[in-house]
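Peer 1: one predicted model, sequence on top.
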Amino acid sequence: MKNISVIGSGTMGNGIAHVFAQTGYSVNLIDISREALDRAMTTIGKNLDRLIKKEKITEADKTSTLGNITTFTKLADGVKDADLVVEAATENMSLKLDIFKQMDEHTKPSCILASNTSSISITKIGSATNRKDKVIGMHFMNPVPVMKLVEVIRGYSTSDETTNIIMELSKKLSKVPVEVNDYPGFVANRILMPMINEAIYTLYEGVAGVEEIDTVMKLGMAHPMGPLQLADFIGLDVCLSIMRVLHDGFGNPKYAPCPLLVNMVEAGVLGAKSGEGFYKYEAGSKDLTVSKQFQK
Ligand SMILES: CC(=O)CC(=O)SCCNC(=O)CCNC(=O)[C@H](O)C(C)(C)COP(=O)(O)OP(=O)(O)OC[C@H]1O[C@@H](n2cnc3c(N)ncnc32)[C@H](O)[C@@H]1OP(=O)(O)O
Ligand SMILES: NC(=O)C1=CN([C@@H]2O[C@H](COP(=O)(O)OP(=O)(O)OC[C@H]3O[C@@H](n4cnc5c(N)ncnc54)[C@H](OP(=O)(O)O)[C@@H]3O)[C@@H](O)[C@H]2O)C=CC1
């Protein structure tokens, strides 16, 4: 396996492109938006600079990593030589079905088609292709260059061969793969997202404020980030999409998304990527200030 294409260059796509390129793979990074691609290359450059500062890599490593990445705005051009495509576009079922249909048309028949989806059925995504055995979930965690886990999700028809290739490839990226079956939210978000949703309900019901909720979970449970800060970090739109997949998939009211989460997403308040969520985010500042909306 030599050529990797990554579709979507947002929060996750840039990190996935980064780790493949740093491991020596040739990466085609594809997004519909040229600005998103430019932003992604700037982010990858900054994250490589962090590693240089910590003397983990050299300037020459940075140059070769960036040199391994080529950007494209047309899917057909970016995937034609791929041995593996990792789709990391917006968490939306119809969008993913359309992208997988296009991937199936424009890639070599031997190419494996993976999705970084947080929760959407790999079996359903596979149904948009004529190679269901080669469709798999390759779920990286955010921030991709730092987090060790890759959740590898087998769809109903995913072959042993495809699963083994992706398990071994994840190890080559210095990650730890864990194989799971294809049910809503898989394992990671079946457990994480109801906790985040419950933290939002706790705020919504006035049990405690933003900082208090996050402090309880950071100091009481040794979480590196409180659940509200983590929701901002993941993206509130992504959190809402995942809760909807759990709610629809299991039909159990315990997964109903908190109305406050729904309202925030409808208002375009999406967390760190939009500059505001439960906290305010200013470019270049590491300070965390609670959003005006939630100040006492
Ligand atoms: C929604 C889904 O489907 C699945 C998901 O991804 S759920 C989200 C999973 N992720 C988490 O739970 C993350 C929780 N948060 C954390 O682990 C930490 O807060 C964090 C790693 C993000 C930052 O850690 P921190 O100690 O506060 O900050 P900081 O000291 O600056 O960074 C720690 C390390 O991460 C690196 N880092 C931090 N943010 C980074 C980023 N965005 N990209 C690349 N590297 C980053 C730093 O360079 C630093 O590296 P070293 O250990 O080599 O020094
Ligand atoms: N955020 C997280 O913590 C995690 C997210 N995930 C999953 O990763 C995937 C990506 O999420 P995330 O990176 O957060 O999302 P972002 O919104 O940050 O990025 C998605 C990117 O995909 C682009 N895009 C939309 N449609 C297309 C298309 N047809 N072709 C190519 N690119 C397209 C978007 O462009 P535009 O902005 O112009 O629409 C945007 O640049 C989702 O499936 C999500 O569930 C998995 C693990 C963690």
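Peer 2: Sure thing, it's come through. Ligands and ions are numbered 1, 2, ... in the order given.

Peer 1: now do the contacts for the closest residue to Ser127 other than its chain neighbours.
Peer 2: Leaving aside its chain neighbours, Ser127 sits nearest to Leu97 (7.9 Å; criterion: C-beta to C-beta, 6 or more residues apart in numbering). Bear in mind the C-beta positions are built from the backbone N, C-alpha and C, glycine included. Contacts for Leu97 (C-beta atoms under 8 Å, 6 or more residues apart in numbering) come out as Lys124, Ile125, Ser127, Ala128.

Peer 1: run the last query once more with 10 Å
Peer 2: Contacts for Leu97 were tallied using C-beta atoms under 10 Å, 6 or more residues apart in numbering; they are Ile120, Lys124, Ile125, Ser127, Ala128, Thr129.

Peer 1: quick one: distance of the helix or strand containing it to the chain centre.
Peer 2: Counting by DSSP states H and E, the element that carries Leu97 is helix 93-106. Relative to the chain's own centre, helix 93-106 is displaced by 18 Å; criterion: C-alpha atoms, centre = their mean, to the nearest Å.

Peer 1: could you look up the next helix or strand downstream of that helix?
Peer 2: strand 112-115.

Peer 1: report all helices and strands that that following strand contacts.
Peer 2: Counting contacts by 3 or more C-beta pairs under 10 Å, 6 or more residues apart in numbering; DSSP states H and E, strand 112-115 packs against strand 3-7, strand 84-87, helix 93-106, helix 122-126, strand 135-140, strand 149-154, helix 160-172.

Peer 1: can I get these in JSON lines with mean pLDDT?
Peer 2: As requested, the helices and strands packed on strand 112-115 are exported to JSON lines (pLDDT from 0 to 100):
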{"stretch": "strand 3-7", "mean pLDDT": "98"}
{"stretch": "strand 84-87", "mean pLDDT": "98"}
{"stretch": "helix 93-106", "mean pLDDT": "98"}
{"stretch": "helix 122-126", "mean pLDDT": "98"}
{"stretch": "strand 135-140", "mean pLDDT": "98"}
{"stretch": "strand 149-154", "mean pLDDT": "98"}
{"stretch": "helix 160-172", "mean pLDDT": "98"}
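
Peer 1: quick one: those as JSON lines, columns for distance to ligand 2 too.
Peer 2: Converted to JSON lines, these look like this (distance: least, C-beta to the nearest ligand atom, whole Å):
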{"stretch": "strand 3-7", "distance to ligand 2": "5"}
{"stretch": "strand 84-87", "distance to ligand 2": "8"}
{"stretch": "helix 93-106", "distance to ligand 2": "5"}
{"stretch": "helix 122-126", "distance to ligand 2": "10"}
{"stretch": "strand 135-140", "distance to ligand 2": "6"}
{"stretch": "strand 149-154", "distance to ligand 2": "9"}
{"stretch": "helix 160-172", "distance to ligand 2": "14"}
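
Peer 1: residue ranges for the helices of this protein, please.
Peer 2: Using DSSP state H, the helices found in the chain span residues 11-22, 34-53, 59-67, 75-79, 93-106, 122-126, 160-172, 188-204, 210-221, 227-234, 236-250, 259-266.

Peer 1: mind putting these into TSV with distance to Gly284?
Peer 2: Output for the helices of the chain, formatted as TSV (distance: least, C-beta to C-beta, whole Å):
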stretch	distance to Gly284
helix 11-22	18
helix 34-53	11
helix 59-67	21
helix 75-79	31
helix 93-106	32
helix 122-126	38
helix 160-172	33
helix 188-204	27
helix 210-221	22
helix 227-234	17
helix 236-250	22
helix 259-266	24
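
Peer 1: for ligand 2, see how far away the residue nearest to Asn14 when sequence neighbours are not counted is.
Peer 2: Distances taken as C-beta to C-beta, 6+ apart place Ala40 nearest to Asn14, at 3.7 Å, with adjacent residues excluded. Distance, Ala40 to ligand 2, by C-beta to the nearest ligand atom, to the nearest Å: 8 Å.
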